[in-house]
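Student: coords below, sequence missing:
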């Protein structure tokens, strides 16, 4: 009880002190009548007639119950990572090497000093075909877009055996540089 009354009297003193800071003939400043302009870069919301219709719950896909594959591993319906034997991957990439080299040598005719690294990331789909291929950014990257595009096109032509268990993600680094002339 004592603490409560002390707090009330302190609050009263604080309010009295704040009100006594104003001079008797001074009027308080008026509040602005207009809102300041918004400085946000976000666009204003669309009117209701221009907004996209809300999705109805009947369109929703029912959730799939995860199924146990092995103890501690559940199948959720999400794409899984598969496997291919390293020897098979090496064999296919070795078979593509002449076509990749031809892409590079065509560029060397126009740019004899062209050199650099190219890291190709690609995905082998469940059917064995290359589903996606892209060049990754890296140090000392090959700077000729046409050559990179040609090499990616050759990688996309590859067909592997069907992987076990799903998609296979492959990272294929290449170091491309002109051959040094041999001394006679």
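Tutor: Alright, I've got the coordinates. All of these numbers come straight from a predicted model, not from anything done at the bench.

Student: where does residue 139 land in three-state SS?
Tutor: coil (DSSP: H, G, I helix; E, B strand; the rest coil).

Student: Next up, the contacts around it.
Tutor: Neighbour list for residue 139: residue 117 [criterion: CB atoms under 8 Å, 6 or more residues apart in numbering]. For glycine as for every other residue, the C-beta is placed from the backbone atoms N, C-alpha and C.

Student: now residue 91
Tutor: Not one residue lies near residue 91 by CB under 8 Å, 6+ apart.

Student: Helix or strand next in line after the host helix or strand of it, which one?
Tutor: Using DSSP states H and E, residue 91 sits within helix 86-110. Where DSSP H and E defines the elements, the next helix or strand beyond helix 86-110 is strand 116-124.

Student: Tell me the helices and strands packed up against whatever helix or strand comes next after that next one.
Tutor: For strand 116-124, the following helix or strand on the C-terminal side (DSSP H and E) is strand 130-136. With contacts taken as 3 or more CB pairs under 8 Å, 6 or more residues apart in numbering; DSSP states H and E, strand 130-136 sits against strand 116-124, helix 145-156.

Student: Need the residues that contact the first one.
Tutor: Counting contacts by CB under 8 Å, 6+ apart, the residues outside strand 116-124 that touch it are 82, 84, 130-136, 138-143, 148, 151-152, 155-156, 160, 163, 167-177.

Student: Return the mean pLDDT over it, rounded to an integer.
Tutor: Averaging pLDDT along strand 116-124 yields 94.

Student: buried sites along it?
Tutor: For strand 116-124, the neighbour count (16 or more other CB atoms under 10 Å) marks 116, 118-120, 122-124 as buried.

Student: how long is stretch 125-142 from one end to the other?
Tutor: Terminal residues of stretch 125-142 are spaced 27 Å apart (CA to CA, to the nearest Å).

Student: Equivalent analysis for stretch 81-89, please.
Tutor: Terminal residues of stretch 81-89 are spaced 15 Å apart (CA to CA).

Student: which other residues reach that stretch?
Tutor: Outside stretch 81-89, the residues that reach it (CB under 8 Å, 6+ apart) are 124, 126, 160-161, 163-170.

Student: buried residues in it?
Tutor: 82, 84, 89.

Student: Can you tell me which of these is closest to residue 112?
Tutor: residue 89 (32.3 Å; CB to CB).

Student: pLDDT value on that closest one, please?
Tutor: 94.

Student: Please report the distance of it from residue 81.
Tutor: Distance, residue 89 to residue 81, by CB to CB, to the nearest Å: 14 Å.
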